[in-house]
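**Student:** What would the 3D arrangement of this be:
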Amino acid sequence: MNAALTALLLTAPSAGPLAVAAGYALTGLAARGTPPAVPGARQEETRRPQLVGKSVAAPSRETASVTDNSGEADDSAPGETVVARGARGRHPADWAGLTSPAVILTCGALLAADVGGGGGSVPAYSGLLRADALTVWMLLVVGAVAFLACAASPSYLAGERAAGQATYRTVWRYHSLVHAFLAAMCLAVVTANLGVLWVAIEATTIVTAFLVGHRRTRTSVEAAWKYVVICSAGIALAFLGTVLIYYAARQAGIAEAWALDWPTLLARADRLDPAVTRLGITLVVLGYGAKAGLIPLHAWLPDAHSQAPAPVSALMSGVLLSVAFAAILRYRVIADAALGVDFTRVLLAGIALLTLALAAGLLLAQRDYKRMLAYSSMEHMSLIALAAAVGSPLALSAGLLHIAGHGLAKATAFCASGQILLLRGTSKIGGVRGLLAQSPWLGALFGLSVVALLGFPPFSLFASELAIARAGFAAGPGLGWATATALLLVLIAFATLATRTARMLLGPGDPTGESPSALWPLALGLAACAVLGIAAGPLGDLLAQAAAVLERQ
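**Tutor:** Residues are numbered from 1 along each chain as shown. Purely as a prediction, here's the structure:
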């Protein structure tokens, strides 16, 4: 592959979503005078749809003739659900959002062919951007989860417009921010410079803060501020850690231009000062661990995930956490080469077990299904951290497979939770009963997504969790006990998730209309997760190569 094409493939995953974000922003500004979807939508979106058993109350005579975002009259039928009504009110431009994930997936597939063909890694712009097997794997995960979230967004936003919870302007702002978010995550994945990596992850904090506060209710704004404060503290720690690694690199004689270049640092890790490197790695793990939902800076996660729009929660849980942890994995290889394997093994295993214990305990007392899914994300990130602590080829492959499977399953679960919220008007588990009877397809897809998260076959999480357990027990007595403790905590989380979900799905109810356009992304996500669990196909070789990138030197 020639240099120009390589540069294009490494630039497009960030440039493409940025262009789409700019297009949405310009379109929104050009149509700034368009009235909101519903006159009452400016009331800080504090009103939820009225729960009347099977459907949301029909609009009053005064609002029945208001034009929607596409300029067409709202001809909602009496008793029609928000979900069904919203499915008919989607704006055609909503589907332009699928351009970004398509670009990301295409670039990932083409880079996979080049990296898998024996190239090892391909650089661009004097090494500022670089693709290896790990880069390609993360690009494919980001693209796949982004496709599900962007495909689910039109129905979700249409439902919010129909319920009077979104205006024309907030919808365009939502699209612009989502694609800027994708651009920042892709930049974090493709860069080889640890300073640019920090900038990209900080950019995700800034963009997603506005998405968490999308509804502008008191609780959503509080969650956004909590997210900003805690993650900013984490990012500050990561910045200090990055500065210390830079200092150690300069003291080791590495030129200023290459002092934060990951391949250069890895090649000369044995020259780094151990004391400075140890402190820097600790700060980096704690800092980026905040964005990955790990102890001690985890408290933002349940609030942000429960208040953000469902597709945004899907992106944050499905890939933002994993992108932040991929940064930790890069630093972990440097630390193992400079300090030996025991330092990161103890650090990551301790954080994994503490986070898993907290998540399991909080799940026991959880009464909100979106927060339940958020604590489940902490559980799964703990398992990935445990796999990184083990560090064997089997454990690393299982951890990366777990990243993909969790992203697909959690994106499906969060997008389904958004449809449940529109249908029932509450995020409380006690307020949702008989979901299978009322909305069979939605209930089945939500239930299957939880089944996937619980690690049942044929979904890929079954294979990845089994492999993590095998690798942990094979790594020696210390990690064997850690693995056994983790499995016990996972069993507690398993029982809690299964019980809470069963309460939501079972019970009597009258069937209501369902929108196929709102459900096909969920079915696609589950199908992809199942296929990945049965036969990885060509992704199997890529997975092995990505694990090899992370093997201890």
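
**Student:** only C-alpha atoms for contact and neighbour calcs from this point on.
**Tutor:** Will do.

**Student:** and the one helix or strand residue 277 maps to, what does it pack onto?
**Tutor:** Residue 277 is part of helix 274-291, with elements assigned from DSSP states H and E. Applying 3 or more C-alpha pairs under 8 Å, 6 or more residues apart in numbering; DSSP states H and E, we find helix 274-291 packed against helix 218-251, helix 321-339.

**Student:** Recalculate using a threshold of 10 Å.
**Tutor:** Helix 274-291 makes packing contacts with helix 194-212, helix 218-251, helix 300-307, helix 321-339, helix 341-364 when contacts are defined by 3 or more C-alpha pairs under 10 Å, 6 or more residues apart in numbering; DSSP states H and E.

**Student:** With just CA atoms, put that helix into PDB.
**Tutor:** This file holds the C-alpha atoms of helix 274-291, laid out as PDB (Å, rounded to 0.1, in the frame of the first residue of the first chain):
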ATOM      1  CA  PRO A 274      12.400   3.000  37.000                       C
ATOM      2  CA  ALA A 275      11.200   5.400  39.700                       C
ATOM      3  CA  VAL A 276       9.900   8.000  37.400                       C
ATOM      4  CA  THR A 277       8.300   5.500  35.100                       C
ATOM      5  CA  ARG A 278       6.600   3.700  38.000                       C
ATOM      6  CA  LEU A 279       5.000   6.900  39.200                       C
ATOM      7  CA  GLY A 280       4.100   8.000  35.700                       C
ATOM      8  CA  ILE A 281       2.400   4.700  34.800                       C
ATOM      9  CA  THR A 282       0.500   4.700  38.100                       C
ATOM     10  CA  LEU A 283      -0.900   8.200  37.300                       C
ATOM     11  CA  VAL A 284      -1.800   7.200  33.800                       C
ATOM     12  CA  VAL A 285      -3.600   4.000  34.900                       C
ATOM     13  CA  LEU A 286      -5.600   6.000  37.500                       C
ATOM     14  CA  GLY A 287      -6.300   8.800  35.000                       C
ATOM     15  CA  TYR A 288      -7.400   6.800  32.000                       C
ATOM     16  CA  GLY A 289      -9.000   4.400  34.400                       C
ATOM     17  CA  ALA A 290     -11.500   7.200  35.300                       C
ATOM     18  CA  LYS A 291     -12.600   7.200  31.600                       C
END
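
**Student:** now it, how far from the chain's geometric center?
**Tutor:** Mean-position distance between helix 274-291 and its chain equals 23 Å (C-alpha atoms, centre = their mean, to the nearest Å).

**Student:** one step back: so which of the helices and strands packed on helix 274-291 is the most packed in?
**Tutor:** Highest mean neighbour count of the helices and strands packed on helix 274-291: helix 300-307, a mean of 25 (counted as mean count of other C-alpha atoms under 10 Å).

**Student:** Just after that helix, pick out the following helix or strand.
**Tutor:** Later in the chain than helix 300-307, the nearest helix or strand by DSSP H and E is helix 310-315.

**Student:** Need the mean per-residue confidence for that next one.
**Tutor:** Mean per-residue pLDDT for helix 310-315: 94.

**Student:** Where in this structure is the helix or strand with the lowest mean pLDDT?
**Tutor:** Here the helix or strand of the chain ranked lowest by mean pLDDT, DSSP states H and E is helix 61-64, holding a mean of 32.

**Student:** Now do the buried residues in the strand or helix carrying residue 17.
**Tutor:** Applying DSSP H and E as the criterion places residue 17 in helix 3-30. By neighbour count with 16 or more other C-alpha atoms under 10 Å, helix 3-30 contains the buried residues 6-7, 9-25, 28.

**Student:** packing partners for it?
**Tutor:** Here helix 3-30 touches helix 99-114, strand 121-124, strand 129-132, helix 133-162, helix 168-190, going by 3+ C-alpha pairs under 10 Å, 6+ apart.

**Student:** In CSV, list these along with mean pLDDT and distance to residue 436.
**Tutor:** Shown next, in CSV, are these (pLDDT from 0 to 100; distance: least, C-alpha to C-alpha, whole Å):
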stretch, mean pLDDT, distance to residue 436
helix 99-114, 93, 31
strand 121-124, 90, 48
strand 129-132, 93, 44
helix 133-162, 92, 20
helix 168-190, 92, 30
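
**Student:** Let me have those in CSV, extended by mean neighbour count and distance to residue 227.
**Tutor:** What follows is those, written out as CSV (neighbours: other C-alpha atoms under 10 Å; distance: least, C-alpha to C-alpha, whole Å):
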stretch, mean neighbour count, distance to residue 227
helix 99-114, 21, 25
strand 121-124, 19, 34
strand 129-132, 24, 29
helix 133-162, 27, 21
helix 168-190, 25, 15
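
**Student:** and residue 307, what is it in contact with?
**Tutor:** Residue 307 makes contact with 211-217, 219-224, 313, 370-371, 427, according to C-alpha atoms under 10 Å, 6 or more residues apart in numbering.

**Student:** try 8 Å this time
**Tutor:** Residue 307 is in contact with 212-213, 219-220, 223, counting by C-alpha atoms under 8 Å, 6 or more residues apart in numbering.

**Student:** picking that back up, show me what the helix holding residue 277 is in contact with.
**Tutor:** Under the contact criterion C-alpha under 8 Å, 6+ apart, helix 274-291 has outside partners 230-231, 233-245, 248, 295-298, 320-321, 324-325, 327-328, 331-332, 335, 338-339.

**Student:** Taking helix 321-339 as reference, get the angle to that helix.
**Tutor:** Between the axes of helix 274-291 and helix 321-339, defined by axes from the mean of the first three to the mean of the last three C-alpha atoms, to 10 degrees, the angle is 170 degrees.

**Student:** can you pull the buried residues of helix 274-291?
**Tutor:** Across helix 274-291, burial judged by 16+ other C-alpha under 10 Å covers 274, 276-278, 280-291.

**Student:** So for residue 267, which of the helices and strands packed on helix 3-30 sits nearest?
**Tutor:** For the helices and strands packed on helix 3-30, proximity to residue 267 was assessed by C-alpha to C-alpha; strand 121-124 is nearest, at 14.5 Å.

**Student:** roughly how far out does that closest one sit from the chain middle?
**Tutor:** Taking the mean of its C-alpha atoms, strand 121-124 sits 26 Å from the chain's own mean (C-alpha atoms, centre = their mean).
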